[in-house]
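K.L.:
coords below, sequence missing:
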């Protein structure tokens, strides 16, 4: 049975509503470099997924449907009828799943740095990360993920931002972190993406290993009403490294 939870949220700005959905082991502050730009054009609603940030911890395991239910519960609590939605990574799976379940509530989607149409090899790689975390601990494996998230140049110039991201993951309840990583690894949108008919912007970094252009081209091809943008040079953490570029594309596409 799906039971929604009260997630903590922040509302800023004015204009059409835009919900921002963060990824694994993050929080609504993942969007902190984008919100100052977006709130000039949108009423921006950023929130912490259950078990993340300052949102309450769930009792037991949960799935993608529960995260969709949390988002719908939040929309109702705030009293917004229809909105734009943008999600990053796991949030890029929650957004389309929400649009499939509640199409009448969605004006458009931003699907940022996410994965679908994984090959057997793709799946083996992501499950290998899950297995390594279970066997060796989250903290040890994180160091190897840093190079997948950030470009070398950014790591050299902004060590404090990289460290902050790693600390945020380590500070996340480990059961919750592994739960959402399982959701991300186990979700395959390919069978139903064609049902998501709202205007959708599909965007990823050229050098994002797990959410690469190859997969995003297939996401774009499956969606009936979409546009594909590949940002040159960037890897997975585009909300931090490419905040201005991502914001500009969302504003252009959604308004």
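P.N.:
Okay, I see it. This is a predicted model, so every value here is computed, not measured.
K.L.:
which helix or strand in the chain has the lowest average pLDDT?
P.N.:
In the chain, no helix or strand scores lower on mean pLDDT, DSSP states H and E than helix 138-149, which sits at a mean of 86.
K.L.:
for that one, packing partners?
P.N.:
helix 120-136, helix 159-171, helix 174-186 (3 or more C-beta pairs under 8 Å, 6 or more residues apart in numbering; DSSP states H and E). C-beta: built from backbone N, CA, C; applies to glycine.
K.L.:
tell me the most buried of these?
P.N.:
When the helices and strands packed on helix 138-149 are scored by mean count of other C-beta atoms under 10 Å, the highest mean neighbour count falls to helix 174-186 (a mean of 19).
K.L.:
what helices or strands is it leaning on?
P.N.:
Helix 174-186 is packed against helix 120-136, helix 138-149, with contacts defined by 3+ C-beta pairs under 8 Å, 6+ apart.
K.L.:
who touches the next helix or strand after it?
P.N.:
Sequence-wise, the next helix or strand downstream of helix 174-186 (DSSP states H and E) is strand 200-205. Strand 200-205 is contacted from outside by 96, 99, 108-114, 211-213, 215-216, 219-220, 223, 225-231, 233-236, 238, 242, 246, 249-250, 253-254, using C-beta atoms under 8 Å, 6 or more residues apart in numbering.
K.L.:
just the buried members of those?
P.N.:
Buried members of the contacts of strand 200-205, counted by 16 or more other C-beta atoms under 10 Å: 96, 99, 108-114, 211-213, 215-216, 219-220, 223, 226, 228-231, 234-236, 238, 242, 246, 249-250, 253-254.
K.L.:
of all the helices and strands packed on helix 138-149, which lies closest to residue 87?
P.N.:
The minimum distance between residue 87 and the helices and strands packed on helix 138-149 falls on helix 174-186, with 11.5 Å, by C-beta to C-beta.
K.L.:
give the rounded mean pLDDT of that closest one.
P.N.:
Averaged across helix 174-186, the pLDDT comes to 95.
K.L.:
next one: stretch 126-135
P.N.:
Averaging pLDDT along stretch 126-135 yields 91.
K.L.:
hang on, the earlier thing: possible to save the helices and strands packed on helix 174-186 as CSV with distance to residue 64?
P.N.:
As requested, the helices and strands packed on helix 174-186 are arranged in CSV below (distance: least, C-beta to C-beta, whole Å):
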stretch, distance to residue 64
helix 120-136, 15
helix 138-149, 21
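K.L.:
let me see the ranges of the strands in the stretch 1-150 of the chain.
P.N.:
For the stretch 1-150 of the chain, applying DSSP state E, counting those that start in this stretch gives strands covering 9-13, 17-21, 43-47, 83-88, 106-112.
K.L.:
can I get those in TSV with distance to residue 147 and mean pLDDT?
P.N.:
Shown next, in TSV, are those (distance: least, C-beta to C-beta, whole Å; pLDDT from 0 to 100):
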stretch	distance to residue 147	mean pLDDT
strand 9-13	31	98
strand 17-21	25	98
strand 43-47	27	98
strand 83-88	19	98
strand 106-112	20	98
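K.L.:
ok, which of these comes nearest residue 161?
P.N.:
Nearest to residue 161, of the strands of the stretch 1-150 of the chain and by C-beta to C-beta, is strand 83-88 at 15.7 Å.
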